[in-house]
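In: Output the structure for:
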Amino acid sequence: MIQLGDIRDAVSAGKTIWQYHSSQMLIERRIASADVIASIIDGEVIEEYHNDKPFPSMLILGWIGNRPIHTVCSFNDSIGMVHIITVYEPDLDHFEADFRTRRSKIHE
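Out: Now for the predicted structure:
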């Protein structure tokens, strides 16, 4: 099972692989990669996706000052690398004000 401590240790050591999508999101959303790393190190796991392939992943909530950042990442324990899958700033349309809790979908 994926452990936040393993992810923190790996990103602290620079053992990260930025997926193409996450790299694009950094540019589009004007988020610095160093801020993402800091938000992972100080962040908290708010969701886990045990069935993701090729590795289980997790959603981490971190903060850049007052700006919430969500990072989805996975950990390849065989090589000790973190895969940064996507990064985004959560919004109140999809999350409660704590940015930890997903809003219920409204049925039309």
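In: Could you use CA atoms for every contact and neighbour count after this?
Out: Fine.
In: send the alpha carbons of the longest strand along the chain over as PDB?
Out: Longest strand in the chain, counting residues (DSSP state E): strand 67-76. Presented in PDB, the C-alpha positions along strand 67-76 are these (Å, rounded to 0.1, in the frame of the first residue of the first chain):
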ATOM      1  CA  ARG A  67      -3.900  28.800  -2.200                       C
ATOM      2  CA  PRO A  68      -5.000  25.200  -1.900                       C
ATOM      3  CA  ILE A  69      -3.300  22.800  -4.300                       C
ATOM      4  CA  HIS A  70      -4.400  19.200  -5.100                       C
ATOM      5  CA  THR A  71      -1.800  16.800  -6.400                       C
ATOM      6  CA  VAL A  72      -2.600  13.300  -7.600                       C
ATOM      7  CA  CYS A  73       0.500  11.100  -7.400                       C
ATOM      8  CA  SER A  74       1.600   7.500  -7.300                       C
ATOM      9  CA  PHE A  75       4.700   5.700  -6.000                       C
ATOM     10  CA  ASN A  76       6.700   3.100  -7.800                       C
END
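In: In it, which residues are buried?
Out: By neighbour count with 16 or more other CA atoms under 10 Å, strand 67-76 contains the buried residues 68-76.
In: how much distance is there from the least confident helix or strand in the chain by mean pLDDT to the middle of the chain?
Out: Across the helices and strands of the chain, mean pLDDT, DSSP states H and E gives its lowest value to helix 20-29, namely a mean of 90. In terms of CA atoms, centre = their mean, to the nearest Å, the gap separating the centre of helix 20-29 from the centre of its chain is 13 Å.
In: what's the angle between that helix and strand 67-76?
Out: With axes from the mean of the first three to the mean of the last three CA atoms, to 10 degrees defining the directions, helix 20-29 sits at 170 degrees from strand 67-76.
In: right, and the helix or strand after helix 20-29?
Out: helix 33-42 (DSSP states H and E).
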